[in-house]
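got a sequence here, can you build the structure:
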Amino acid sequence: MAKLRRQVRRTKEILSANSAAPMSVEELHAGKDFQSSIKREVFEAMAEDFWQRAAAPLSKLLARNKLKPSDVDAVELLGGGSRVPKLQAVLSEALGGRHLDRHLDADEAVVLGAGLFAANLSSSFRLRKFGMTDVAVFGVSFESNDLFVPAAPPIDPATATSKKAWKGKATKAAEDAEADGATASGKSGHVVKSLLPAGKKLPIKRAIKYSNLTIDGFSFDLHYNTSTVHGLPPGVEDPQLASFQVSGIQDAIKRYNSSGVTTLRFEADYSSLLHFSIAECVVEVSIVEDKVIEVQVPVSKVNETGVTAMGDANSSKSAAPAADAAKEAAAEHMKDGATDGAEQKDKNDAAEMVGSGTVPPAAGNDTTGSSVNKTVTVKKTIQVPRRKTFHVGLAVSGAGPRHPPLAGDVFAAARSHIAAWRAAEVVKAATAKAKNDLEAYIISTREKLETDENLRQVTVELDRVKLIEQLTEAEDWLYGDGEHEAAEAFRTKLAGLKATGDPMVTRANELELRPQVVERLSMSQCIFYGANVPATHS
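This is a model prediction of the structure:
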């Protein structure tokens with residue numbers, strides 16, 4: 001059967017370039033040879049169901065993306081099977097009869113592309129970067145039974161300052177309701193979200209957010225989105241991918257009196273594998289900080305307090321006008337937005353937050369009208385409200401991925417399996433080499449016995465017939481009972497044939513080389529004796 005399979009494969013390859021092909025197998029059964037021929041039309045009719053299956057993915061791809069064949073810019077054929085004429089015709093027909101491009105090596109393009117892409121991702125290779133865009137073929141959904149997502153809160157147009165602002169607030173509220181899944185209480189409900197839509201570019205980071213949760217934890221599942229036209233990946237029967245439980249939200253509430261925005265972050269790599277990276281509560285808290293600022297105070301108000309050039313005040317009560325001036329300047333400072341992102345307060349509120357400060361000495365004791373427009377710098381300490389963000393990590397448990405990464409005993413067993421596979425590959429390669437060596441020796445020795453005249457001169461007919469019988473017997477064993485033997489059996493068989501055939505071949509080679517060696521030896525003797533003959537004198 002092995003000889004028949006090899007010949008069938010050769011015949012199929014011949015039909016790719018010819019309309020008909022012969023097929024012959026020596027000693028297929030009971031010492032009888034098999035010979036036949038087949039036409040390309042017959043071969044194509046026998047494989048009719050295959051051509052229909054080959055064109056189906058292309059038609060489905062166009063329908064899924066709502067494209068017509070004329071919308072496709074180019075089609076490149078890859079793979080050894082793309083050389084089959086009938087396959088090219090079927091694919092061209094599915095694309096409306098358009099021409100199919102074959103600019104790349106059909107056998108090596110995929111392997112070379114994968115190698116270059118891997119080198120771009122690796123930090124060990126320095127390679128010119130090239131772009132490649134891949135998308136998620138199968139969508140992934142997020143599903144939870146512990147959360148309730150209320151409708152988006154209504155937006156009052158009267159609260160917006162303009163039509164554009166109202167439209168922006170309404171859009172943001174809708175986005176928050178869809179992306180964040182705002183939840184104001186601990187009620188339970190069923191939530192389904194499209195976490196990784198089919199067709200999204202890879203790699204990509206995705207996040208699911210819930211605002212102001214009051215429950216301590218919740219669970220969720222990840223599964224393939226079977227409602228799309230893509231369905232499940234080939235060979236996958238259960239759509240579930242992973243199951244997780246998140247807890248620790250109450251810890252954030254106890255610390256900051258709010259759970260803030262509960263965020264679940266995911267990452268999809270180039271292989272479209274989805275990873276759950278982190279779960280956390282992002283809480284924004286308003287705090288008040290002291291800040292020293294410098295304000296400009298008119299000299300006239302400073303002089304009214306009775307501050308001397310050395311900065312001494314006659315009484316604390318007399319310094320009130322300077323403090324009031326500093327308050328006014330601080331309020332103006334905050335109003336101008338110089339408080340590092342603090343919330344804007346009105347002038348009176350800002351003045352109330354002004355603490356005590358020091359007034360530097362005036363430039364002089366000049367109390368005339370010339371100092372009315374002059375100012376001095378006063379340092380004041382104010383309290384500034386700020387919003388600070390805290391990240392509280394949440395505990396993640398549950399079954400996790402349905403097919404978790406290898407670790408522990410499972411990882412050790414996998415490594416043992418790979419080691420056994422490599423050892424089997426070494427044995428397989430050694431067996432194939434020993435088998436090929438035996439087959440090559442049989443073919444070459446038989447050819448020499450039939451065509452080499454020197455071999456006939458140095459051997460007798462009886463020895464040649466005996467060797468031919470041994471070669472025929474070894475060939476029958478090679479393609480019959482010895483087809484599945486180990487490498488050592490082929491080496492033993494080859495050694496037995498060489499014990500008989502190599503001496504014959506050696507004598508034939510000596511017969512062929514003997515005249516050349518004798519001629520070279522004679523020339524060497526002539527040169528030697530000619531060089532040692534003494535010169536004669538006349």
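
what about the strands in the stretch 51-200 of the chain?
Per DSSP state E, counting those that start in this stretch, the stretch 51-200 of the chain carries strands over the ranges 134-135, 140-144, 191-196.

so which of the ones you listed comes closest to Asn225?
Of all the strands of the stretch 51-200 of the chain, strand 140-144 sits nearest to Asn225, with 4.6 Å by Cβ to Cβ. (Glycine included, C-beta is placed from N, CA and C.)

that closest one - what's its average pLDDT?
Averaging pLDDT along strand 140-144 gives 93.

just stretch 465-480 next, same as before
On average, the pLDDT along stretch 465-480 is 87.

residues in contact with it?
Stretch 465-480 is contacted by residues 2-3, 27, 435, 438-439, 442, 445-446, 449, 490, 493, 496-497, 500-501, 504 when judged by Cβ atoms under 8 Å, 6 or more residues apart in numbering.

mind listing which of those residues are in helices?
Residues of these located in helices (DSSP state H): 2-3, 435, 438-439, 442, 445-446, 449, 490, 493, 496-497, 500-501, 504.

just to revisit the earlier point, any quick ChimeraX command for the buried ones out of the contacts of stretch 465-480?
Of those, the buried ones can be selected in ChimeraX as follows, counting by 16 or more other Cβ atoms under 10 Å:
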select :3,435,438,439,442,445,446,449,490,493,497,501,504
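
among the ones in helices among the contacts of stretch 465-480, which one lies nearest to Ala55?
Nearest to Ala55 among the ones in helices among the contacts of stretch 465-480 is Ala2, at 32.6 Å by Cβ to Cβ.

show me the contacts for the spatially most central residue of the chain.
In the chain, the C-alpha nearest the mean C-alpha coordinate belongs to Tyr270, at 2.2 Å (Cα atoms, centre = their mean). Residues in contact with Tyr270, defined by Cβ under 8 Å, 6+ apart, are Leu121, Asp134, Leu202, Pro203.

quick one: it from Asn120, how far?
Tyr270 is 10 Å from Asn120, where distance means Cβ to Cβ, to the nearest Å.

any idea how far the residue lying closest to Asp238 once chain neighbours are set aside lies from Ile38?
Computed as Cβ to Cβ, 6 or more residues apart in numbering, the closest residue to Asp238 that is not its neighbour in sequence is Arg402, at 7.6 Å. Arg402 is 48 Å from Ile38, where distance means Cβ to Cβ.

between these two, which one's more packed in?
For Arg402 versus Ile38, neighbours defined as other Cβ atoms under 10 Å are more numerous around Ile38 (17 against 14).

didn't that one look like it was pressed against Leu15?
Yes. With contact defined as Cβ atoms under 8 Å, Ile38 reaches Leu15; the gap is 7.3 Å.

can you work out which residues contact both of these two?
Joint contacts of Ile38 and Leu15 (Cβ under 8 Å, 6+ apart) are Ala21.

check what pLDDT Lys498 gets.
Looking at Lys498, its pLDDT stands at 90.

what about the closest residue to it other than its chain neighbours, neighbour count?
In space, and not counting its chain neighbours, Lys498 is closest to Tyr441: 7.2 Å by Cβ to Cβ, 6+ apart. Neighbourhood size, Tyr441 [other Cβ under 10 Å]: 18.

okay, Tyr441 and Glu473: tell me how far apart.
Look at Tyr441 and Glu473: by Cβ to Cβ, they are 14 Å apart.

tell me the bridge partners for Pro401.
Beta-bridge partners for Pro401, by DSSP bridges, are Ala242.

any weak-confidence spans in the chain?
148-189, 301-372, 528-538 (pLDDT under 70).

what packs against the longest strand seen in it?
With DSSP state E setting the assignment, residue counts place strand 274-298 as the longest strand in the chain. Judged by 3 or more Cβ pairs under 8 Å, 6 or more residues apart in numbering; DSSP states H and E, strand 274-298 is in contact with strand 240-247, helix 249-256, strand 261-268, helix 320-335, strand 375-393.

and the second one, what does it pack onto?
What that stands for is helix 249-256. Under the contact rule (3+ Cβ pairs under 8 Å, 6+ apart), helix 249-256 is packed against strand 274-298, strand 375-393.

and that helix, C-alpha only, in CSV?
Only the C-alpha atoms of helix 249-256 are listed here, as CSV (Å, rounded to 0.1, in the frame of the first residue of the first chain):
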residue,chain,number,x,y,z
ILE,A,249,-15.4,45.8,46.9
GLN,A,250,-16.5,46.4,50.5
ASP,A,251,-12.8,47.0,51.5
ALA,A,252,-12.7,50.0,49.1
ILE,A,253,-16.0,51.3,50.5
LYS,A,254,-14.7,51.1,54.1
ARG,A,255,-11.5,52.9,53.2
TYR,A,256,-12.9,55.7,50.9
